[in-house]
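[1] pasted the sequence and its predicted model underneath.
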Amino acid sequence: MRILFVTGGSPATVYALTPLATAARNAGHEVLVASNRETMEAIAGAGLPGVCVSEVPIRHHITTDREGRPVPDFDDPDRQMRKIGHAFGRMAAVYQEPLYDLAEAWRPDVVVGGTLTYSAAVLAARIGVPFVRQAWDSGEPQVVDVAAEIEMRPELEALGFDGIPGSALWIDVCPPSVRDPEAPQGVSMRWVPCNLQPPLEPWMYRKETAAPRIAITAGTKTAPGYFFDYLVQLVAKLKHLEAELLVSAPDGVAEALSEATGTRVRWLPFDTVAPTCDLLVHHAGGGTALTGMVHGIPQLLVPNMPKLVAPSQRLAAYGAARILLEGEDTPQAMASAAEDLLFTESYRTRARELQQEATAMPAPAEIVSLLEKLG
């Protein structure tokens, strides 16, 4: 069977689909991963065959409309989330014809798309094969789908579709206890952390001091003008804790961040480093949060986008994390929250309970059989 995976937007969107794509290939199926240029390194790093269907980075779609006009920033959270939906709708429009050309040359039996990869749904409907939608984080707000459908209306109407086609199967990777209650009903699949791998050093897989170890990150999209200052501020607010700080950022900005923070910054293989950590402090990104869940680590969440607030609140309400919203994240509040999470046993207990739930979910290899039934 041939399975086409479609993703894009950041390397994190590739990492999310890598376990299922790898499991499908290991089961003997032919697999291709279609995405944009900015994620090709992540696909190749996962050992998967990748096809570039767009040279345009998601950041361009977020900041520029179809006519090349700048898209303004909004203070209103609802408008900010709609902005994200329109951006991924524009990405889908750019993907559409290159994906169709790919399918003409290499016809898949099933198309699997990440949460916001709307072009995958359109392609599957055009060529008459099942579409599988896989979550790539703890949950995207429904308003994002609504905005994407509005953005894609010209393409959808030209194809005779009255909306973005639905899926034959929805795969959710978030543990049920902290899942969005409005998420589609589907099947659960265990989150398996994946990322680009540097050569490992011993300190990456074992603690070498008795001090608490805290990992800090703003995710895979950190770049000058985008999450850069946010990460600098996170480090500054925690620098004086009596703890070992591990700061992760993409290689392209690690040196500049090291200078800006006075702390060594490098790309960390979180799947290896996370189990050695006592606390994760981050932007509430879905992949990082899920990695903390499957490894049973308390988390300090400082959401830097409105869409990340609700998943963070659910994790905090469960008792495995604390959340500080914009304006609340003073140095004193950050240090106090970090110490609370490190030394209050209830957070570690709840984190371990969530870990048990997360690791009991079906492995990607078990989900492959569902794809086989569709194909």
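    Thanks, I have it. The structure displayed is predicted, hence computed values, not measured ones. Numbering: from 1, shown residues only.
[2] against Met152, how distant is Ala158?
    From Ala158 over to Met152 the distance is 10 Å, taken as Cβ to Cβ, to the nearest Å. (C-beta placed from N, C-alpha, C; glycine too.)
[3] who has more neighbours out of these two?
    Between Ala158 and Met152, counting by other Cβ atoms under 10 Å, Met152 is the more crowded of the two (27 against 9).
[4] show me how far the lengthiest helix in the chain is from its chain's centre.
    With DSSP state H setting the assignment, residue counts place helix 77-105 as the longest helix in the chain. Distance of helix 77-105 from the chain centroid (Cα atoms, centre = their mean, to the nearest Å) equals 17 Å.
[5] tell me what the helix or strand following it is packed against?
    Of the helices and strands lying after helix 77-105 in sequence (DSSP states H and E), the nearest is strand 110-114. Judged by 3 or more Cβ pairs under 8 Å, 6 or more residues apart in numbering; DSSP states H and E, the packing partners of strand 110-114 are strand 2-6, helix 11-26, helix 118-127, strand 131-134, helix 364-374.
[6] tell me the strands beside the longest strand belonging to the chain, with direction?
    In the chain, with assignment by DSSP state E, the single longest strand is strand 30-36. Paired strands of strand 30-36, with direction, are strand 2-6 (parallel), strand 50-54 (parallel) (DSSP bridges).
[7] on that earlier part again, may I see the helices and strands packed on strand 110-114 organised as a markdown table, with distance to Thr263 added?
    Formatted as a markdown table, the helices and strands packed on strand 110-114 follow (distance: least, Cβ to Cβ, whole Å):
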| stretch | distance to Thr263 |
| --- | --- |
| strand 2-6 | 36 |
| helix 11-26 | 23 |
| helix 118-127 | 39 |
| strand 131-134 | 35 |
| helix 364-374 | 35 |
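[8] so which of those gets nearest Thr64?
    Thr64 sits nearest to helix 118-127 of all the helices and strands packed on strand 110-114, at 18.3 Å, using Cβ to Cβ.
[9] quick one: the strands in the stretch 251-375 of the chain?
    265-266, 279-282, 299-301, 321-323 (DSSP state E, counting those that start in this stretch).
[10] next SSE after the longest strand of the chain?
    By DSSP H and E, the next helix or strand past strand 30-36 is helix 40-45.
[11] show me how far that next one is from its chain's centre.
    15 Å.
[12] now it: average pLDDT?
    Across helix 40-45, pLDDT averages out at 96.
[13] okay, that helix in PDB with CA atoms only?
    Listed next in PDB are the C-alpha coordinates belonging to helix 40-45 (Å, rounded to 0.1, in the frame of the first residue of the first chain):
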ATOM      1  CA  MET A  40      13.000  19.000   4.300                       C
ATOM      2  CA  GLU A  41      15.900  18.700   6.700                       C
ATOM      3  CA  ALA A  42      13.600  17.300   9.400                       C
ATOM      4  CA  ILE A  43      12.200  14.700   7.000                       C
ATOM      5  CA  ALA A  44      15.600  13.600   5.800                       C
ATOM      6  CA  GLY A  45      16.800  13.500   9.400                       C
END
